[in-house]
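Q: I'd like to go over a predicted model; first the sequence, then the structure.
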Amino acid sequence: QVQLVESGGGLVQAGGSLRLSCAASGSISSINDMGWYRQAPGKQRELVATISRGGSRGGATNYVDSVKGRFTISRDNAKNTVYLQMDNLKPEDTAVYYCNAEVKTIFSLWYRTYWGQGTQVTVSS
């Protein structure tokens, strides 16, 4: 009923930048919070950043300490899309990045969390 499709991952040198996008589609009635998580090899999936619905360009944001000042999360509610601008990337940022969203479909009375398939980000030193 709902699909989240990420794009924008790739290989970049340390100090470089990447911009991830995640578009939600399907039988969507409303989207609440959206966010980005990452999972490095041998590690648990961790929260990177979240953004509340807010106005047309999103609301309150939250970041894990390790990315504060380097990553920026944003969203376009008209396009049901969330973005993650990643600057000054470090090798320790290497991971598979997943987006998620709290979505209420036209068939449901409540929100449910959906996940994208993940996109690989590799930062070389």
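A: Right, received. Where do you want to start? For clarity, every value in this text was computed on a predicted model and none was experimentally measured.

Q: how near is the residue lying closest to G58 once chain neighbours are set aside to T81?
A: With sequence-adjacent residues excluded and distances taken as CB to CB, 6 or more residues apart in numbering, G58 is closest to R75, at 4.1 Å. To be clear about C-beta, it is placed using only N, CA and C from the backbone, and glycine gets the same treatment. R75 sits 6 Å away from T81, going by CB to CB, to the nearest Å.

Q: the two: which is more packed in?
A: R75 (25 against 20; other CB atoms under 10 Å).

Q: tell me if I am right that that one is in a strand.
A: Yes: under DSSP: H, G, I helix; E, B strand; the rest coil, R75 sits within a strand.

Q: that one reaches G55, doesn't it?
A: No: the criterion here is CB atoms under 8 Å, and R75 misses it with G55 at 10.1 Å.

Q: quick check: pLDDT value at the residue nearest to G58.
A: With respect to pLDDT, R75 has a value of 95.

Q: what residues are up against it?
A: Shown in contact with R75 (CB atoms under 8 Å, 6 or more residues apart in numbering): 34, 51, 57-58, 81-83.

Q: please, which helix or strand holds the residue nearest to the spatial centre of the chain?
A: The chain has W36 as the residue nearest its centroid, 3.0 Å off, counting by CA atoms, centre = their mean. Following DSSP states H and E, one finds W36 within strand 28-39.

Q: partner strands of that strand, with direction?
A: Strand 28-39 pairs in its sheet with strand 46-51 (antiparallel), strand 95-105 (antiparallel), by DSSP bridges.
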